[in-house]
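Q: Only the shape, not the letters, is given here:
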């Protein structure tokens, strides 16, 4: 069971990174054909990874992990490739919100059992 869960997290992280790569390729390439082709390829890979993560994790765990990996990858890519500011304040608020949502969901599920 634990191996299945860790594979689920690996799939969710891969989905988040692929989503970030789709956004990066849309910004990085100047040729429209290459740009759209890369976005489609990365999005297809992202959805495949995300569906595989849902087979091993709850939808909340898969979504939160996917989102965190996407946000972190996009932020770091923006900083290193495009010289953008790192969004620390936004990241902190999002992490707090995700934590609150995941705790309330877990507590509600435990109380209904």
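A: Perfect, I can see it now. Predicted model only: the values in this text are computed from it and were never measured. Numbers count the residues shown, from 1 in each chain.
Q: quick one: contacts of the helix or strand hosting residue 79?
A: For residue 79, the host element (DSSP states H and E) is helix 59-82. Helix 59-82 is contacted from outside by 8-9, 11-17, 19-21, 23-24, 27-28, 50, 53-54, 57, 84-87, 91, 94-95, 98, 101-102, 105, using C-beta atoms under 8 Å, 6 or more residues apart in numbering. C-betas here are computed from N, CA, C, even on glycine.
Q: By neighbour count, sort out the buried ones in those residues.
A: Among the contacts of helix 59-82, those scoring as buried are 8-9, 11-17, 19-21, 23-24, 50, 53-54, 57, 98 (criterion: 16 or more other C-beta atoms under 10 Å).
Q: average pLDDT across stretch 96-111?
A: For stretch 96-111, mean pLDDT is 60.
Q: Repeat that for stretch 71-91.
A: pLDDT averaged over stretch 71-91 gives 84.
Q: which of the residues in it are buried?
A: Those would be 71, 73, 74, 75, 77, 78, for stretch 71-91 by 16+ other C-beta under 10 Å.
Q: got a markdown table for the residues you listed, with distance to residue 35 too?
A: What follows is those, written out as a markdown table (distance: C-beta to C-beta, whole Å):
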| residue | distance to residue 35 |
| --- | --- |
| 71 | 22 |
| 73 | 18 |
| 74 | 17 |
| 75 | 21 |
| 77 | 16 |
| 78 | 17 |
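Q: List just the nearest of those residues to residue 42.
A: residue 73 (11.4 Å; C-beta to C-beta).
Q: sorry, back to before: counting only helices, which of the contacts of helix 59-82 make the cut?
A: Among the contacts of helix 59-82, the members found in helices (DSSP state H) are 8-9, 11-17, 19-21, 23-24, 27-28, 50, 53-54, 91, 94-95, 98, 101-102, 105.
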